[in-house]
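S.K.: Dropping a prediction and its sequence here:
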Amino acid sequence: MIISAISPNYVPHFSGHETFTLRQMWLKKVFDQKTEDGHIKKSTFTDDESIARFGVGKNMVASMRHWALATNLISEGRGDDYELSPTAQKIFSNDGFDPYSENPSTAWFVHWQLAGLGNRSTTWFWLFNKVTAPNFTKTDLEKPLTDFAAKLNSKRGISASTLTRDIDTCIRSYAPRSGAGSPEDFAEPMLGELGLISEDIKGTFSFRRGPKPTLSDGMFIYALIDYWEALDSTANSMAFESIVYGEGSPGRVFKLDEESVAERLFSLEDFTGGVFSWTDTSGLRQVLRKSWNGSAFRSWMLEKAYT
């Protein structure tokens with residue numbers, strides 16, 4: 001079962017990154033610490049050698065662990081180990097799809113994990129699914145996010161400073177700081193290449209909606225599978241409007257317009273070997289789904305995203 005921010009048992013999360021944005025090679029560096037049985041020792045991030053092992057400071061090591069968890073590449077295992085996901089193996093192994101973390105599909109995959117599913121990245125999900133203003137400042141986002149967090153955390157409050165830091169880190173993940181700053185400010189975040197958020201004038205941002213040439217059809221459908229299973233895993237059809245505008249949908253998370261989504265859906269049947277098909281009958285536009293092995297189909301679409 002896909003656990004996302006639209007699932008009833010979702011647990012919100014607003015911290016852990018230590019205010020560092022995800023860097024291009026961090027997930028690969030985490031992956032390379034795996035043992036032969038596909039686990040990563042938790043002590044990898046906390047022992048005396050962790051700083052030398054990763055070549056970054058203590059807080060950055062903690063941030064790397066956070067991003068590996070938030071992107072679902074590792075998960076809490078039993079005892080002293082984190083469990084490495086099969087997807088991590090397929091992408092980052094030396095004979096995998098993207099061992100050097102340089103393919104745009106990897107950045108799109110990471111964005112989907114953060115803003116589509118929202119595991120340990122609630123602000124990312126909220127920003128891409130709840131904010132509809134044509135432009136915004138970081139200050140504009142603070143009260144709406146505070147209200148959203150309060151609904152999710154009715155039993156315990158989230159401090160304003162925590163949310164402010166989370167907003168800042170989220171925005172910088174897509175639109176790095178300009179002007180004077182530390183060398184860290186100029187290190188290109190992994191998601192900056194996607195062009196999803198632009199800084200129009202200093203301190204004012206907007207989403208870039210429309211076609212996304214570097215987003216492969218395979219990654220789009222991979223996200224659609226996740227969305228479908230989180231929304232209603234038993235449904236055999238999904239309305240076009242849901243795919244474009246639904247909360248947690250590929251259209252909304254990838255900031256695609258109607259025409260861009262429609263163009264991808266027209267060729268759906270051929271691309272998926274008939275598992276998905278597009279229909280437009282009497283003005284009712286929808287995607288139909290045949291019976292499937294969700295895990296195998298998702299794995300196939302991931303492979304096609306890189307080929």
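M.R.: Yep, that arrived. Residues are numbered from 1 along each chain as shown.
S.K.: quick one: the strands in the stretch 201-307 of the chain?
M.R.: Listed from the start of the chain, the stretch 201-307 of the chain has strands (DSSP state E, counting those that start in this stretch) covering 204-207, 237-239, 276-281, 284-289.
S.K.: is it possible to export those to CSV including mean neighbour count and distance to residue 68?
M.R.: Any C-beta I mention is one placed from the backbone N, CA and C, and that applies to glycine too. As requested, the strands of the stretch 201-307 of the chain are arranged in CSV below (neighbours: other Cβ atoms under 10 Å; distance: least, Cβ to Cβ, whole Å):
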stretch, mean neighbour count, distance to residue 68
strand 204-207, 17, 27
strand 237-239, 15, 31
strand 276-281, 14, 31
strand 284-289, 17, 32
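S.K.: closest one to residue 161 among those?
M.R.: Closest approach to residue 161 among these (Cβ to Cβ): strand 204-207, 20.7 Å.
S.K.: and for that closest one, what are the contacting residues?
M.R.: Outside of strand 204-207, the residues within contact range by Cβ atoms under 8 Å, 6 or more residues apart in numbering are 128, 134-138, 171, 175, 196-200, 255.
S.K.: export the strands of the stretch 201-307 of the chain to a markdown table and tack on distance to residue 57 and mean pLDDT?
M.R.: Formatted as a markdown table, the strands of the stretch 201-307 of the chain follow (distance: least, Cβ to Cβ, whole Å; pLDDT from 0 to 100):
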| stretch | distance to residue 57 | mean pLDDT |
| --- | --- | --- |
| strand 204-207 | 28 | 98 |
| strand 237-239 | 45 | 97 |
| strand 276-281 | 46 | 95 |
| strand 284-289 | 47 | 96 |
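S.K.: Among those, which comes closest to residue 219?
M.R.: Residue 219 lies closest to strand 276-281 among the strands of the stretch 201-307 of the chain, at 14.5 Å (Cβ to Cβ).
S.K.: hang on, the earlier thing: export the strands of the stretch 201-307 of the chain to a markdown table and tack on distance to residue 112?
M.R.: Conversion of the strands of the stretch 201-307 of the chain to a markdown table gives the following (distance: least, Cβ to Cβ, whole Å):
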| stretch | distance to residue 112 |
| --- | --- |
| strand 204-207 | 16 |
| strand 237-239 | 17 |
| strand 276-281 | 17 |
| strand 284-289 | 18 |
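S.K.: out of those, which comes closest to residue 151?
M.R.: Ranking the strands of the stretch 201-307 of the chain by distance to residue 151, with Cβ to Cβ as the measure, places strand 204-207 first at 23.2 Å.
S.K.: Pull the distance from the closest one to the chain's centre.
M.R.: Going by Cα atoms, centre = their mean, to the nearest Å, the spacing between the C-alpha centre of strand 204-207 and its chain's C-alpha centre is 19 Å.
S.K.: how many neighbours does residue 34 have?
M.R.: The number of residues packed around residue 34, counting by other Cβ atoms under 10 Å, is 19.
S.K.: Kindly report the same for residue 97.
M.R.: A count of nearby residues for residue 97, using other Cβ under 10 Å, gives 18.
S.K.: from memory it sits against residue 103, does it?
M.R.: Yes: taking contact to mean Cβ atoms under 8 Å, the distance of 6.9 Å between residue 97 and residue 103 places them in contact.
S.K.: Need the overlap of contacts for those two.
M.R.: Between them, residue 97 and residue 103 have residue 306 as joint contacts when contacts are counted by Cβ under 8 Å, 6+ apart.
S.K.: And the spatially closest residue to residue 126 that is not a sequence neighbour, which helix or strand is it part of?
M.R.: In space, not counting the residues next to it along the chain, residue 126 is nearest to residue 148; the distance is 5.6 Å by Cβ to Cβ, 6 or more residues apart in numbering. Per DSSP states H and E: residue 148 is located in helix 138-152.
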